[in-house]
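**Student:** Sequence first, predicted coordinates after that:
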Amino acid sequence: MTPMKVALVGNPNVGKSVLFNRLTGTYVTASNYPGTTVDVVSGWMDNHMISDAPGIYSLAPRTEEHKVAWQVIRQADMIVNVVSAPSLDRDLFLTAQLAELRIPMVVALNMADEANRLGMSVDIRSLERELGVSVIPTVAVTGQGIGTLRRHILRASPSEWRAARPAIRSPSPGALRASREKADDAYDQAVSQRPGGAYTQTSLADLLIKPLWGEAAAAVVLALIYFLMAGVVVGIVVEDVLETRVFGQFYRDLLETGIGSWAASIPIVHEILMGDFGLLTMGLTYLLGLILPMVFAFYGALGLLEDTGYLPRLAVVSDRFLTRVGLNGRAVFSLVTGLGCVTLALMATRTLASRERRIACALLCLAVPCSAQMAIIAAMIIPLGFGYLSIYSAAVGGAFLIAGHALSALIPGSREHLLLDIPPLRWPRLNNLAKKTAARTLSFVKEAAPFFALGSVALALLENLGTLELLSALLEPITEGWLGLPREAALALMMGIIRRDLGAAGLYQLSLTPMQSVVGLTALTLSVPCLAATLILAKERGVLEGIVVWGGALCLGLTAGGLLHNLVRLISF
Amino acid sequence: MVRLPLHEADTLHQLVVVDIRDHKIRAQCLEFNLRQGQVIVVLSRIPHGPCVIQLQGRQIALGEKLCRRITVSRRV
């Protein structure tokens, strides 16, 4: 029997992903900001395939994520329209449009508890009568009403399936007005008490969007993240515990006594497993002892920012700055996601409506160091002191600004205005935060481990065959001539093409002066999109645009690194 | 009644949306239930930056250029 396809459709940030997790038992990332889901995620509930679509405000196909959501709707045998009870006046607009498609539908009135707290009273029977579909109150985070919703989906009559597939079309202004009127009628009939001004809630939530206070709060948040990474993770976990005790003594002794004498008898095996670039020495030590703790800590901090609802407030205070580089505050979501993983950030550019802005944002996202790369950057720069950290930050930030202005002038396109829902500040749910951090860290290990293993083996073999020497000589004009780095740094730059963190690890291996470290890391941060990012670029933007963005990033990084080196050389003269 | 663009409106006063210029922006604002006749309050206005308004208990951030195209008047 063909499985029934059920689409979870609704406005952004109404709890679709949490509902998906509840219905299917499969974890997908859920956060407190609009636009968390940019791709379709599917899971199973008995023999029903449930798809979690990106959030949309209407059926007008404006952005890439709208088009993705439309594809899910077109395939669906049944729609579960998730609406947020406190924002019912807004959400019923989409409900009215979905009802026009004549696909079997049920409305999940989510966050019903929050609506009650706000003194809102929704008459379910009346809402059902007005909309002509069943309405089930739910509280996805606690599981309330999920059983009823599940039973309703499973009870849906097979005769109702396979409705006519609606074509993707942009609703006319008249149709939009009619949908708004229908939504208003339903709202007026069903809601007897409306949320008042009290929803503005805490004074902290107010301060975070105020001029000066908002910027000051952003600086405090960045400083806290810096101290968490530098002080706690690098200072205590990485340097004191892992580097010195676990990998410096215990692991090294274990390796020597375990396989040391056996590996020494076969030189090539010894080189691959225990050489300078060995699988069990460089590969495992860097991955588990250096990068993993930083990635875990970073994902924890990012999850906290996402779940509290701080990111949309950061979007508000950074809008003025991002508008100057041709973007708007929404780009913060892509850029902050880029700190986690660039590939995800490239996918998050789907939320931008114009092609020109997506290209510009993609290129700028590549200039953001990912968490794994940042782990090694932190390990290299923090011990050098605040001065070198400032030079590195200024070089990367300056290149970001100049590139942004240049992109804004070169590919003007249509400018988008910021129009963004600001969700209430919420206490993060520890359960979700822990699951999200664990899932992201596990996903990082799964993705990074094979590359680290392959990279270590390839490097060991190349070194053994003498090919490293040849490659270093070929790239000497760039590494030594332009960037002022030792010729072996060519290898790190090339390793960065496989994975950015692997490239940074390559630099970490070298004996560099403090300024060489800063130049090398600047070039590497800005220039080298990793293999995964390259593939996503080609998939999202097409091969030609992908090559343009990739080449642009490479030029930006090498130019910025070279200029920094030559500027410092000039000053020191 | 004094009409003024949203980006010039004082914060924490009740305002009525009088007009939204440009049909594309009007359609986009409709998705947020922001339209002519709605009562809003400006919660914050960042100089040369966005405004955050309160509408029906929700908060919405609007970029500066968008605010310039929305005309409001003080609610009497």
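**Tutor:** Alright, I've got the coordinates. This is a predicted model, so every value here is computed, not measured.
**Student:** What lies in contact with stretch A:127-141?
**Tutor:** A:15, A:18-19, A:21-22, A:81, A:85, A:92, A:95-96, A:99, A:105-113, A:122, A:124, A:144-146, A:148-149, A:152, A:185-186, A:189-190, A:429, A:432 (C-beta atoms under 8 Å, 6 or more residues apart in numbering or on different chains). All C-beta atoms are positioned from the backbone trio N, CA, C, and that covers glycine.
**Student:** what's the distance between the closest residue to chain A within chain B and A:Ser121?
**Tutor:** Per C-beta to the nearest C-beta, B:Gly57 is where chain B lies closest to chain A, at 3.0 Å. Distance, B:Gly57 to A:Ser121, by C-beta to C-beta, to the nearest Å: 14 Å.
**Student:** Comparing the two, which residue is more hemmed in?
**Tutor:** Taking neighbours as other C-beta atoms under 10 Å in any protein chain shown, B:Gly57 and A:Ser121 compare with B:Gly57 leading, 20 against 12.
**Student:** so that one makes contact with A:Gly119?
**Tutor:** No: between B:Gly57 and A:Gly119 there is no contact under C-beta atoms under 8 Å: 9.8 Å.
**Student:** what's the next secondary structure element after the helix or strand where A:Leu23 lies?
**Tutor:** Following DSSP states H and E, one finds A:Leu23 within helix A:16-24. Downstream of helix A:16-24, the first helix or strand assigned by DSSP H and E is strand A:41-45.
**Student:** Would you mind pulling the contact partners of the very next helix or strand once past that following strand?
**Tutor:** Next along the chain after strand A:41-45, taking DSSP H and E as the criterion, comes strand A:48-52. Outside of strand A:48-52, the residues within contact range by C-beta under 8 Å, 6+ apart are A:3-8, A:16-17, A:20, A:23-24, A:28, A:37, A:40-44, A:72, A:75-76, A:153-154.
**Student:** Longest helix of the chain, counting residues only.
**Tutor:** Picked chain A for this. helix A:430-465 (DSSP state H).
**Student:** wait, I meant chain B there
**Tutor:** Per DSSP H, chain B has its longest helix at helix B:23-31.
**Student:** immediately after that one, which helix or strand?
**Tutor:** strand B:39-45.
**Student:** Any stretches of chain B with poor pLDDT?
**Tutor:** B:76 (pLDDT under 70).
**Student:** rerun that using 80 as the cut-off
**Tutor:** Scanning chain B for pLDDT under 80 picks out B:1, B:75-76.
**Student:** what residues does it put near chain A?
**Tutor:** B:23, B:25, B:27-33, B:35, B:41, B:43-50, B:52, B:54, B:56-66 (C-beta under 8 Å from any C-beta of the partner chain).
**Student:** Buried subset of those, written for PyMOL?
**Tutor:** In PyMOL, this line selects whichever of the residues of chain B next to chain A come out buried by 16 or more other C-beta atoms under 10 Å in any protein chain shown:
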select buried, chain B and resi 25+27+28+29+30+31+32+33+41+43+44+45+46+49+50+52+54+56+57+58+59+60+61+62+63+64+65+66
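**Student:** ok, now how distant is B:Arg68 from A:Arg499?
**Tutor:** On the measure of C-beta to C-beta, B:Arg68 and A:Arg499 end up 45 Å apart.
**Student:** picking up where we left off before, starting at the chain centroid, how far to the helix holding A:Leu23?
**Tutor:** Distance, stretch centre to chain centre, for helix A:16-24: 20 Å (C-alpha atoms, centre = their mean, to the nearest Å).
**Student:** got it, and stretch A:382-393?
**Tutor:** For stretch A:382-393, the distance to the chain centre is 26 Å (C-alpha atoms, centre = their mean).
**Student:** May I see the buried residues of that stretch?
**Tutor:** Within stretch A:382-393, the residues scored as buried using 16+ other C-beta under 10 Å are A:Ile382, A:Leu384, A:Tyr388, A:Leu389, A:Ile391, A:Tyr392.
**Student:** Find the pair from those residues with maximum spatial separation.
**Tutor:** A:Ile382 and A:Ile391 (13.3 Å; C-beta to C-beta).
**Student:** Quick check: nearest residue in space to B:Val72, chain neighbours excluded?
**Tutor:** B:Leu15 (4.1 Å; C-beta to C-beta, 6 or more residues apart in numbering or on different chains).
**Student:** Assumed that neighbour was part of a strand.
**Tutor:** Yes: under DSSP: H, G, I helix; E, B strand; the rest coil, B:Leu15 sits within a strand.
**Student:** Pairing partners for it in the sheet, please.
**Tutor:** Beta-bridge pairing of B:Leu15 under DSSP bridges involves B:Ile40, B:Arg74.
**Student:** where does the stretch 1-150 of chain A come near chain B, residue by residue?
**Tutor:** A:Tyr57, A:Ser58, A:Ala60, A:Arg62, A:Pro86, A:Ser87, A:Asp89, A:Arg90, A:Phe93, A:Leu94, A:Leu118.
**Student:** export these to CSV and tack on neighbour count, secondary structure and pLDDT?
**Tutor:** Formatted as CSV, these follow (neighbours: other C-beta atoms under 10 Å in any protein chain shown; DSSP: H, G, I helix; E, B strand; the rest coil; pLDDT from 0 to 100):
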residue, neighbour count, secondary structure, pLDDT
A:Tyr57, 23, coil, 91
A:Ser58, 24, coil, 90
A:Ala60, 21, coil, 82
A:Arg62, 19, coil, 74
A:Pro86, 26, helix, 91
A:Ser87, 25, helix, 92
A:Asp89, 22, helix, 92
A:Arg90, 25, helix, 94
A:Phe93, 24, helix, 95
A:Leu94, 24, helix, 95
A:Leu118, 20, coil, 82
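**Student:** Compute the number of surrounding residues for residue 14.
**Tutor:** No chain in the question, so chain A it is. 29.
**Student:** please go with chain B instead
**Tutor:** Neighbourhood size, B:Gln14 [other C-beta under 10 Å]: 14.
**Student:** Tell me who's in contact with the closest residue to it other than its chain neighbours.
**Tutor:** Once flanking residues are discounted, B:Gln14 sits nearest to B:Arg75: 4.1 Å by C-beta to C-beta, 6+ apart. Taking C-beta under 8 Å, 6+ apart, we find B:Arg75 in contact with B:His13, B:Gln14, B:Leu15, B:Val16, B:Val39.
**Student:** rerun at 7 Å
**Tutor:** B:Gln14, B:Leu15, B:Val16, B:Val39 (C-beta atoms under 7 Å, 6 or more residues apart in numbering or on different chains).
**Student:** ok, the residue nearest to the spatial centre of chain A to chain B distance?
**Tutor:** Chain A has A:Thr337 as the residue nearest its centroid, 3.0 Å off, counting by C-alpha atoms, centre = their mean. Separation of A:Thr337 from chain B (C-beta to the nearest C-beta, to the nearest Å) stands at 19 Å.
**Student:** cool, and A:Arg324?
**Tutor:** A:Arg324 is 10 Å from chain B, where distance means C-beta to the nearest C-beta.
**Student:** Please give me every residue in contact with that residue.
**Tutor:** Residues near A:Arg324 by C-beta under 7 Å, 6+ apart: none.
**Student:** Please repeat the previous calculation with a cut-off of 10 Å.
**Tutor:** A:Leu401, A:Gly404, A:His405, A:Ser408, B:His48 (C-beta atoms under 10 Å, 6 or more residues apart in numbering or on different chains).
**Student:** pretty sure the last one belongs to a helix, no?
**Tutor:** No: applying three-state DSSP, one finds B:His48 to be coil, outside a helix.
**Student:** What pLDDT does the model give the residue lying closest to it once chain neighbours are set aside?
**Tutor:** In space, B:His48 comes closest to A:Arg320 once its chain neighbours are excluded; the distance is 5.8 Å by C-beta to C-beta, 6+ apart. As predicted, A:Arg320 sits at a pLDDT of 90.
**Student:** And stretch A:263-282, what's buried?
**Tutor:** So for stretch A:263-282, counting by 16+ other C-beta under 10 Å, buried means A:263, A:269-275, A:277-282.
**Student:** and what of stretch A:451-469?
**Tutor:** A:Phe451, A:Phe452, A:Gly455, A:Ser456, A:Val457, A:Leu459, A:Ala460, A:Leu462, A:Glu463, A:Leu468.
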